[in-house]
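S.K.: Attaching a predicted model along with its sequence, questions to come.
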Amino acid sequence: MSAALPPLSDALYAALRNRAPVPLISARHPELTVDDAYRISLGVLEKRLAAGEKLVGKKIGLTAKAVQEMVGVDEPDFGFLTDAMEFANGATVAIAERLITPMVEAEIALVLKSDLPTAGVTAAMVLEATDYVAPCLEIVDTRFDTPRIGIVDTVADNASSALFVLGKGRVDPRECDLAAVRCALFRNEVKLSEGVGAAVLGSPLISAAWLANRLGAFGVALTAGDVVLPGSLVPFAPIAAGDTYVARFENLGSVTAKFA
């Protein structure tokens, strides 16, 4: 393991806690791989858990080609969710206390009722393992000093994940076609964008299977009780103090986040 990895984990953890962006890892250490980036992310997670946070799920991001092009990467990223990252539906997030340059995404969250293996996971297996799905807003944020990140940067930075909000809806995924679910994202009651579940690697179930297999390569499994965020149905949108975001999902309900 490169001697650079622990100090990079330290720097990203400090950036997270102090809201102080750091230079791109890929610019300073072009030799590092996605596997190295995952180990940096894991180092940050270990510090968060040591500080009292609890692991509650995993996420995949940058699943849509359009979003990949926006940030200049060519594959999805992946990371972890902790209890400190979850806000209640309708709650107000104080940007100055938690975030740097936040953006919002709308996702169909999966909550698992059983463990998945670490290899050979299919969409059908994800469906069988899922207890329910729920509307979700994910707030993404970069701890780097530029938004033009590479895949090593975003994986190291916990897939740019900051916070998430689950709506009240709880739907059995066997009762609807997740690929066909439509979503509209509103900022201050003005519709910004629309999307469909198929935008997420063809289906949120396919995306979650990709995540299970990708994390499985590192010996990490998706387990019972995990919240799994499979990627955004819509392009991410910027957040400013005073904004209220609402995502409305066909057949799933809505989810709201306010910002101050």
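M.R.: The structure has been received and is ready for your questions.
S.K.: What pLDDT is listed against residue 149?
M.R.: At residue 149, the pLDDT value in this model is 86.
S.K.: An error on my part: the question was meant for residue 168.
M.R.: 96.
S.K.: cool, residue 1 as well?
M.R.: 52.
S.K.: Need the residue closest to the centroid of this protein.
M.R.: residue 59 (4.4 Å; CA atoms, centre = their mean).
S.K.: What strand or helix carries residue 126?
M.R.: helix 123-129 (DSSP states H and E).
S.K.: Can you give the distance from that helix to the centre of its chain?
M.R.: Taking the mean of its C-alpha atoms, helix 123-129 sits 20 Å from the chain's own mean (CA atoms, centre = their mean, to the nearest Å).
S.K.: That helix: which residues count as buried?
M.R.: Going by neighbour count (16 or more other CB atoms under 10 Å), the buried part of helix 123-129 is 123, 125-127, 129. (C-beta placed from N, C-alpha, C; glycine too.)
S.K.: ok, residue 8 - contacts?
M.R.: 25, 29, 40, 43, 156 (CB atoms under 8 Å, 6 or more residues apart in numbering).
S.K.: For those residues, work out which two are farthest apart.
M.R.: 29 and 43 (14.3 Å; CB to CB).
S.K.: Just the helices from the stretch 151-260 of the chain, written as ranges.
M.R.: 151-156, 204-216 (DSSP state H, counting those that start in this stretch).
S.K.: Kindly report the same for the stretch 1-150 of the chain.
M.R.: Using DSSP H, counting those that start in this stretch, helices in the stretch 1-150 of the chain cover 5-18, 25-28, 34-50, 65-71, 95-98, 123-129.
S.K.: Out of those helices, which is closest to residue 81?
M.R.: Per CB to CB, nearest to residue 81 of the helices of the stretch 1-150 of the chain: helix 34-50, 10.1 Å.
S.K.: Any figure for the gap between the closest residue to residue 46 other than its chain neighbours and residue 95?
M.R.: Spatial nearest neighbour of residue 46, chain neighbours left out: residue 9 (7.9 Å); criterion: CB to CB, 6 or more residues apart in numbering. Distance, residue 9 to residue 95, using CB to CB, to the nearest Å: 25 Å.
S.K.: again with residue 32
M.R.: 30 Å.
S.K.: Residue 43 now?
M.R.: Distance of residue 43 to residue 95, given as CB to CB: 26 Å.
S.K.: for residue 236, same thing?
M.R.: 15 Å.
S.K.: what about these two, which has more around it?
M.R.: Legend: neighbour count by other CB atoms under 10 Å for residue 236 and residue 95, higher for residue 236 (23 against 20).
S.K.: Surely that one and residue 139 touch.
M.R.: No. Taking contacts as CB atoms under 8 Å, residue 236 lies outside contact range of residue 139: 9.5 Å.
S.K.: Find the residues that touch each one of the two.
M.R.: 103-105.
S.K.: between those, which has the most around it?
M.R.: For these, neighbours tallied by other CB under 10 Å; top is residue 105, 27 neighbours.
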